[in-house]
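S.K.: Pasting the sequence and the predicted model now:
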Amino acid sequence: MFDVLPTLPADPILGLSAAFRADTNPAKIDLGVGVYKDEAGRTPILNTVAKAQHILLEKEDSKVYISPQGVQGFIDGMLQLILGDELTGAKRDHIAAVQAPGGCGSLRVIAELMKRAKEDATVWVSNPTWANHVPLIGNAGLNIESYAYFDKANAGIDFEGMKASLQQVKKGDIVLLHGCCHNPTGADLTNAQWDEVLKLAQEKQFTPFVDIAYQGFGDGLVEDVYGVRLLVENLPEVAIAASCSKNFGLYRERVGLAAIVTNSPDAKQAVQTQIQAIARGIYSMPPSYGGALVDIILNDTDLKTQWQNEVADMRDRMQSLRDLLASKLKEKGVSKDFSFITQQKGMFSFLCIEPEQVLQLRHDHSIYFVESSRVNIAGISLKNADHLASAIASVL
């Protein structure tokens, strides 16, 4: 049976990681995989997560399955974090939600729900978007189209092109939007642009599908959810896929939230049964551990405050690295204006250089990132920034 299957090419990012590990150059730099790193190049366990682990170890007395929808305290805490107290309270009887295995699990559960609701549905994704959006959503059987988003020549959002693309969206289509810290470009919509996206959604009657994986890494935990709160407050239906991998550092625990804001309590009840049935058919029961940790943190006043401070520290560090890289490139005499790096948000930036230059950086300088020129800002450090800037200057 299985000998008829062809060998598939390595995943671009995972293959890049393997090449980096095999490189013996002591000055090598990994700017590929999207995980937060500290100055020492480690992805640490947050102090608040470590404390929550001890609390959970003391109080957990069974490993029996949790409920099919997940840890309720996790769901409530995440909804409050994303939507705020007032909006969560106002929409409580309209929101169906489950804890899912990571942001990927959340995206897939929602994609399967959309397929059930509208078999010929089309999902519009930004050009570019996170590479895994396409297989996660497309493998559920949904049609995929793209809308203009980023202008590489000007290193910024092509908002006029985006609006023109969204004029083609049909009633009942779905538009996937990055809640903040756009992956891969780091170029985020302004609040005024979100206001215009809302008007387009009302006019064209499409359903927004918001992927929010980096809340707190852009401008702040509240500032980063302006767009999703605006849509939920003013539209009858919104889908939200959230991840705790980045802002809680729970990568390997796979913690995510799939939430659907519906237009009535009856619709909420129906959708809740549907998403739980979808989850049952994919992974049966959700994992408990990571969700239980987030539950503890978000529902303990002191721990939540400490966690907010840790998120702020990570955000401030990445912004300082953006400033450092831009200043180093200017110091090296690079004629290209890289100040756009300081305006982008979150973990990623598009350097807007050519694939050949990316490959030259890899071959000549052992600097690893994907050919689109997306770099993980958190992979930069005070130690390697000068070497990185010199290398980039040499290939331009």
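M.R.: Everything's here; your move. Numbering: from 1, shown residues only.

S.K.: helices and strands of this structure: which one bottoms out on pLDDT?
M.R.: helix 12-22 (a mean of 84; mean pLDDT, DSSP states H and E).

S.K.: What lies in contact with that helix?
M.R.: Contact with helix 12-22 is made by 9-10, 28, 30, 32-34, 131, 362, 368-371, as judged by C-beta atoms under 8 Å, 6 or more residues apart in numbering. All C-beta atoms are positioned from the backbone trio N, CA, C, and that covers glycine.

S.K.: How about the contacts made by the closest residue in space to L56 that isn't next to it in sequence?
M.R.: Nearest residue to L56 in three dimensions, chain neighbours excluded: A292, at 5.5 Å (C-beta to C-beta, 6 or more residues apart in numbering). A292 makes contacts with L56, E60, V71, F74, as judged by C-beta under 8 Å, 6+ apart.

S.K.: Give me the pLDDT value at I110.
M.R.: Confidence at I110, expressed as pLDDT, is 98.

S.K.: number of nearby residues for it?
M.R.: By other C-beta atoms under 10 Å, 28 other residues sit near I110.

S.K.: In contact with it: list those residues for me.
M.R.: F209, A239, A241, A258, I260, I275.

S.K.: Quick one: those residues as CSV, columns for pLDDT too.
M.R.: Below are the contacts of I110 laid out as CSV (pLDDT from 0 to 100):
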residue, pLDDT
F209, 98
A239, 98
A241, 98
A258, 98
I260, 98
I275, 98
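
S.K.: So what's the gap between the least confident helix or strand of the chain and the chain middle?
M.R.: 21 Å (C-alpha atoms, centre = their mean, to the nearest Å).

S.K.: And the next helix or strand past it?
M.R.: strand 29-30 (DSSP states H and E).

S.K.: ok, of the contacts of A292, which one's closest to Q193?
M.R.: F74 (31.4 Å; C-beta to C-beta).

S.K.: Correct me if wrong: that closest one contacts S288.
M.R.: No. Using C-beta atoms under 8 Å, F74 is not in contact with S288; the gap is 9.3 Å.

S.K.: per-domain residue ranges of the chain.
M.R.: 2-44+316-395, 65-299 (automatic domain parsing).

S.K.: Lowest average pLDDT across the ones you listed?
M.R.: Among these, domain 2-44+316-395 carries the lowest mean pLDDT, at a mean of 93.

S.K.: mind listing what the closest residue to L81 other than its chain neighbours touches?
M.R.: The shortest distance from L81 to any non-neighbouring residue, by C-beta to C-beta, 6+ apart, is to L298 (6.4 Å). Going by C-beta under 8 Å, 6+ apart, L298 touches G73, F74, G77, M78, Q80, L81, K304, W307.

S.K.: What distance do you get for L298 to K59?
M.R.: 16 Å (C-beta to C-beta, to the nearest Å).

S.K.: hang on, the earlier thing: any quick ChimeraX command for the buried ones out of the contacts of L298?
M.R.: Applying 16 or more other C-beta atoms under 10 Å to the contacts of L298 leaves a buried subset, and the ChimeraX line that selects it is:
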select :74,77,78,80,81,304,307
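
S.K.: rewinding a little: buried residues in the least confident helix or strand of the chain?
M.R.: The neighbour-count check on helix 12-22 (16+ other C-beta under 10 Å) flags I13, L16, F20 as buried.

S.K.: what's the span of stretch 370-381, first residue to last?
M.R.: End-to-end distance for stretch 370-381: 19 Å, by C-alpha to C-alpha, to the nearest Å.
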